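>>> need a structure here:
(chains A and B, ligands or ions: 1)
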Amino acid sequence: MTTTEHKPHTSPEIGGLGHSRRRVEDARFIEGRGNYVDDITLPGMLHMAIHRSPLAHARIISIDTSAAEAVDGVVAVVTGELLAGYNLAWMPTLSGDTQAVLATDKVRFQGQEIAAVIATDRYVAQDAARLVEVEYEDLEPIVNPQRALEEDAVLIRDDKEDQTSNLCFEWESGDKTATDEAFAKADKIVSLETHYPRSHPAPLETCGIVADVDSATGQATLYMTSQAPHAHRTVFALVAGLAEQNIRIVSPDLGGGFGNKVPVYPGYVVATAASLVIGQPVKWVETRTENLISTGFARDYYMKGELAVTNDGKILGLKVDMLADEGAFYADAQPSKFRAGLFHIVTGSYDYPAAYVTTRGAYTNKAPGGVAYRCSFRVTEASYLIERLVQNAAYELGLDPAEFRSSNFIQADQFPYHSPTGFVYDSGDYETAMRKAMDMVGYADIQAEKEQARKEGRLVGIGMASFTEVVGAGHGEDYDIIGLKMFDSAELRVHPTGKAILKLGVKSQGQGHETTFAQIVAEELGIPAGDVKVVEGDTDNTPYGLGTYASRSTPVAGAATAVISRKLREKAKKIAAHLLEASEEDLEWETGKFFVAGDPESSVSIQDIAFAAYTNPPPDLEAGLEGVHYYDPPNMTYPFGTYIVVVDVDPESGQWKVRRMIAVDDCGVKINPMIVEGQIQGGLTEGFAMSSMQHITFDETGNCLGSNFMDYLVPTAWETPRFELGETVTPSPHHPIGAKGVGESATVGSPAAYVNAVVDALQHMGVTNIEMPMSADRVWHAMQENSGG
Amino acid sequence: MYPSKFDYLAPETLEEALAVLAERGDEVKILAGGQSLIPMMKLRFAEPATLLDINRIPGLDAIDIQNGHVRVQALARHADVVRSAVIKEENDLMAGAAPWIADPIVRNLGTVCGSLAHHDPEGDWASVMLALDAEVVAVSKEGVTHFHPGADGTQHTGGTRVISIQDFLVDMFTTSLYPTELLTEVRVPRYERGGGNYQKLERKVGDYATVGVATHIELGDDDRITKAGIALTSVYAHNLKVTDAETALVGQAPSDELFAEAGRIASAACDPASDTRGSAEYKRHIVGLFTERSLAESLKIAQGGQS
Ligand SMILES: Cc1cc2nc3c(=O)[nH]c(=O)nc-3n(C[C@H](O)[C@H](O)[C@H](O)COP(=O)(O)OP(=O)(O)OC[C@H]3O[C@@H](n4cnc5c(N)ncnc54)[C@H](O)[C@@H]3O)c2cc1C
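Numbers count the residues shown, from 1 in each chain, chains lettered A, B, ... in the order given. Now for the predicted structure:
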């Protein structure tokens, strides 16, 4: 597959694919007229606040709610004991584990939910929540997975009948025998042990709900910060035993999600139960600290990778062994077949026959989560490991890391490529993307400058990552979330005046769906994008879908949109034939109209066809121009690219600064280049955050040390480097419009590039690894430890 | 994050404010920029019964020259210092430090005096003022007895007190201010031939210092150092004036070796803690390195180089 230029086929007025159409949602956001969960106020609405555990691991001896109940304005105090009466003290997680809604037996992480106060006022609820008194008996807090798996470690999940250790899961992928054989043939084995630190998606809007259960009708309307409203409705039906037709989940404007709004949180369940019992709406919105200490974290994988190579620079095989810190409840949100998500894409952009991946997950006394923070199910960890390993292998072989990559790349003519862990890469051209990035940065010049700089007492480093991502889960045979197949859907209704409404099962959190999905309809039907309204996030008014995460909206819902548009075009053709009194076979399509072949004057526009669909349909055809399509993707899509970072490191202080950051991305056909660029800029910033400043740590007693924005750092425009973007375009061969998805590429691909650059600056001292986040302290220590020898 | 209940008062004259303080004493917290107090209240580390907002009191926001001193009044914001022509002209250390405080949004509200009154050991201004041998001015209602809650039972009958910065900054989050007193200004002596510089290691803009170093030197006609100020941020239980290093510089001709020696003394004097910002060993190293670098910058300015 060769790289193609993609020029728009439609006029700017139509605004189909390839137009950098302005984001239609921005007008309301910029004017402060967005409608978030916390903006919703219902008559008689009560407020909920949660009392949380200050301890990481302790047995609950008693819970005394009397002081809280005595506060003026408090309506009820809910405990786990009370919920147990409704069989709601525990709930299922999206990984098939169980999670305490309100703790009854033990607390298992700092910040765990113990009791909820419902009051007439938000402040009263907060004041009273502090008055809940819990008596504890301390247990050993287990704050790392290594300790968790030791023989004498206390059992965290003593609530689970068959659980005899803190092992949460074991999982493997690839072929052990073939990999052992490959390793036996190797000249060298290059290994790297590293920890991908725990981070948190930290959306600006925290999680929350307004639960409105009508006790008379049983109708539950839940306004929720949900990236997956339909899946959440089903979970609610299963957890709360509510009839699914009576549950309506509305996910209004979301202030970011990044994976954090995929899981179901105890607060949602308690607020809903409280509304059901009290008969009044209940609002619960987390504080920043609550969001950071109790909701879905990401990463926290201890990884050991080994690459078998030959002296002439060929990779023969890869072995990876990992230990995952899952926290107190296994609450990852990933396809049920894949316990470590799609980590097995770890073989990366390279062609070799054998790989073997083993993973163990351990329970610890930390918050549950394991969500894919802007990452398609653990692909971030995988991409980081292989790209770090490849650079180290090049150093050990005395080869240039770019040339080493080049001689191992999967070649453009090898697609579809079957990877040793079972993926079928759809398309790619890695060499072209890498050379383009190298040209942009002036690769040879920087390599030459490095030598000169060292002589002058300066340190310059250049690092790259040539990543391959796997997104768009996924075909139903392999991919499901708690049994729900990972299709997605689009319902398109073209109204009599030729305007349309498109309803989707996915849910934008800032990605600009209202803009881009209208462009797909514009491309396929010739209806101006401005005439297409996009509706999402209301389960009563949109077709079922699995939601937005894992860069799946464009690969799956985008495909559904294209397919339903094409189906309506087929129907439109029948109506056109009727109107033009021609036979269907004689009609040709040109954006927005059908015309009689050889007689372009005899044409009818899509708008006229739409009108006729309701006023003058052919006698043998149903009226209307509407339809719904459920798209089951035949394969995943595989965006890729090369990122190159140049850094200057202060040899005395260890401070480092990004001088250049080049990002060449290939996400297939672009729907809206401006939005794609925005996604990449944002992702590169998050990659920079993880590599330089962001992690959630715990002290030895399990206190979370990243519980606010003074401790959990989010970069701003001030320290974020300037990014220089480039592109290649290699369409996905199986996607209806050739698009691959791009929401996460930059978060996935960029951390390794930053780390590779800093390691490169120090490589001549013998430094082979610096852990993320690369604080000045860590960089300085790496120099200290290596300069002496 | 929800503060607990409090009364809110916003007097429009200094007299009224002092009267409230005299009456309600240590149940009152003065609200200046709110950039330390409000976060503390939201985290419920502070739960004052009354907030006394001084922002409506006129005539308290000057940055000017008075009696041989540069004066920064209670309502002068960090951002005012950044923009002030007087500071730019008069004091290199203050001019150099101001842009390092927090981020632009915090700087628009937070005040220099509030920072000193708060005395967070991670605050930058206290180090700046220690290096500059500043004084603060405190006022309280006259003619009534004011008690200090400290163990020594000290008291006075109100009026204006001028306090040296070293006597003012007692310990972390503790000053010698009486609960009934209001800080009206901080002032630093003017100088002829001098220069100052602030070095700060931070993880991102808006972060408190991992390490901060303030230096100030003045030169005599013979080019020898006549006065030196060195103080450190975030590496001790409180902002630390390194008197030994200052003494080592005074009377000497400036040189790289001399500054390196000052760096060694500073590095030995500090007592940083290991935390998520960095190890104690690293911070100690940075104190030495930044002291040396900062003194070199201060010298350059004093010698008439760029400022
Ligand atoms: C995100 C963020 C980042 C920050 N980063 C930095 C940084 O990098 N460096 C740094 O030095 N600081 C930093 N700060 C703190 C900031 O500088 C504060 O503005 C300053 O510490 C307090 O000044 P204020 O006017 O806001 O005081 P307030 O918050 O209003 O008050 C602080 C305390 O001082 C008392 N007080 C205030 N004024 C007076 C007065 N006139 N008389 C008597 N008592 C008074 C108050 O009662 C209170 O106890 C940061 C703050 C934030 C929110």
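
>>> Can you give me every residue that contacts the residue of chain B most remote from its centre?
Ranking residues of chain B by C-alpha distance from their mean position (CA atoms, centre = their mean) puts residue B:222 at the top, at 31.3 Å. Taking CB atoms under 8 Å, 6 or more residues apart in numbering or on different chains as the contact definition, residue B:222 lies against nothing. Yep, even glycine has a C-beta here, placed from its N, CA and C like the rest.

>>> Quick check: it vs residue B:254, distance?
Spatial separation of residue B:222 from residue B:254 under the definition CB to CB, to the nearest Å is 12 Å.

>>> Please apply the same query to residue A:195.
In this structure, residue A:195 and residue B:254 are 46 Å apart, going by CB to CB.

>>> Bridging across strands, which residues link to residue A:250?
For residue A:250, the beta-bridge partners are residue A:223, residue A:538 (DSSP bridges).

>>> Please list all residues in contact with it.
Contact analysis of residue A:250 by CB under 8 Å, 6+ apart lists A:221, A:222, A:223, A:224, A:229, A:537, A:538, A:539.

>>> who wins for most neighbours among the residues you listed?
The most crowded member of those, judged by other CB atoms under 10 Å in any protein chain shown, is residue A:224 (29 neighbours).

>>> how far does stretch B:93-104 stretch from start to finish?
The first and last residues of stretch B:93-104 sit 19 Å apart, counting by CA to CA, to the nearest Å.

>>> buried set for it?
Neighbour counts using 16 or more other CB atoms under 10 Å in any protein chain shown place B:93, B:94, B:95, B:96, B:97, B:98, B:99, B:100, B:101, B:102 of stretch B:93-104 among the buried residues.

>>> ok now it, how far from the chain's centre?
Counting by CA atoms, centre = their mean, to the nearest Å, stretch B:93-104 is centred 11 Å from the centre of its parent chain.

>>> Next: stretch A:110-121.
Between the mean C-alpha location of stretch A:110-121 and the chain-wide mean there is a distance of 29 Å, by CA atoms, centre = their mean.

>>> tell me the mean pLDDT over it?
Averaged across stretch A:110-121, pLDDT comes to 98.

>>> Start and end of that stretch, how far apart?
Start and end residues of stretch A:110-121 are separated by 26 Å (CA to CA).

>>> which parts of stretch A:499-517 are buried?
In terms of neighbour count (16+ other CB under 10 Å), stretch A:499-517 has its buried residues at A:499-517.

>>> give me the subset of those touching chain B.
Under the cut-off given by CB under 8 Å from any CB of the partner chain, chain B has nothing from the buried residues of stretch A:499-517 close to it.

>>> Just those residues: which are in strands?
Counted as lying in strands by DSSP state E, out of the buried residues of stretch A:499-517, are A:500, A:501, A:502, A:503, A:504.

>>> What parts of chain B come near the ligand?
Contact residues of chain B with respect to the ligand, defined by CB under 6 Å from any ligand atom, are listed as B:29-37, B:39, B:74, B:101-102, B:106, B:110-111, B:113-115, B:117-118, B:123-125, B:177, B:182-183, B:206, B:208.

>>> Just the buried ones from those?
For the residues of chain B next to the ligand, a burial check counting by 16+ other CB under 10 Å picks out B:29-37, B:74, B:101-102, B:106, B:110-111, B:113-115, B:117-118, B:123-125, B:177, B:182-183, B:206, B:208.

>>> If we check chain A, which of these are in contact?
Intersecting these with the surroundings of chain A, defined as CB under 8 Å from any CB, gives B:206, B:208.

>>> ok, back up a step: CSV for the buried residues of stretch B:93-104, including secondary structure?
CSV is the format used below for the buried residues of stretch B:93-104 (DSSP: H, G, I helix; E, B strand; the rest coil):
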residue, secondary structure
B:93, helix
B:94, helix
B:95, helix
B:96, helix
B:97, helix
B:98, helix
B:99, helix
B:100, helix
B:101, coil
B:102, coil
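
>>> now, which of these sits nearest residue B:201?
Distances from the buried residues of stretch B:93-104 to residue B:201 were compared by CB to CB; the smallest belongs to residue B:100, at 10.2 Å.

>>> Now do the closest one against chain A, distance only.
If you measure residue B:100 against chain A using CB to the nearest CB, to the nearest Å, the figure is 12 Å.

>>> how about that residue, what does it touch?
Residues in contact with residue B:100, defined by CB under 8 Å, 6+ apart, are B:124, B:198, B:200, B:202, B:209, B:212.

>>> that older thread, check what pLDDT the residue farthest from the centre of chain B gets.
Reported pLDDT at residue B:222 in the predicted model: 95.

>>> That one in helix, strand or coil?
coil.

>>> show me what contacts the closest residue to the ligand within the stretch 201-350 of chain A?
Nearest residue of the stretch 201-350 of chain A to the ligand, counting by CB to the nearest ligand atom: residue A:288, 12.5 Å away. Residues in contact with residue A:288 (CB under 8 Å, 6+ apart) are A:206, A:708, A:709, B:1.

>>> Filter those down to the ones in helices?
Secondary structure of those is defined by DSSP state H; no position falls in helices.

>>> Contact residues of the stretch 1-150 of chain B facing chain A?
B:1, B:2, B:4, B:5, B:43, B:103.

>>> hang on, the earlier thing: tell me which of the residues of chain B next to the ligand fall in helices.
Among the residues of chain B next to the ligand, the residues falling in helices (DSSP H) are B:37, B:39, B:106, B:113, B:114, B:115, B:117, B:118, B:125.

>>> So, low pLDDT: which residues of chain A?
Chain A contains residues with pLDDT under 70 at A:1-6, A:788-789.

>>> Can you pull the residues of it lying near chain B?
Proximity of chain A to chain B is assessed by CB under 8 Å from any CB, with A:122-123, A:126-127, A:287-289, A:652-655, A:692-693, A:697, A:705-706, A:708, A:710-711, A:713, A:715-716, A:718-719, A:775-777, A:780-781 identified as the residues in range.

>>> Among the residues you listed, which are located in helices?
Of the positions in these, A:122, A:123, A:126, A:127, A:288, A:289, A:692, A:776, A:777, A:780, A:781 sit in helices, assigned by DSSP H.

>>> List the contacts of the third one.
The contact partners of residue A:126, by CB under 8 Å, 6+ apart, come to A:49, B:2.

>>> contacting residues around the residue in the stretch 251-400 of chain A positioned nearest to chain B?
Residue of the stretch 251-400 of chain A nearest chain B, by CB to the nearest CB: residue A:287 (5.0 Å). By CB under 8 Å, 6+ apart, the residues touching residue A:287 are A:206, B:1, B:2.

>>> So the nearest residue to the last one once chain neighbours are set aside versus residue A:83, what's the distance?
I take that to be residue B:2. Leaving aside its chain neighbours, residue B:2 sits nearest to residue A:126 (4.2 Å; criterion: CB to CB, 6 or more residues apart in numbering or on different chains). Using CB to CB, one obtains 21 Å as the distance from residue A:126 to residue A:83.

>>> Please consider this matter closed, and thank you.
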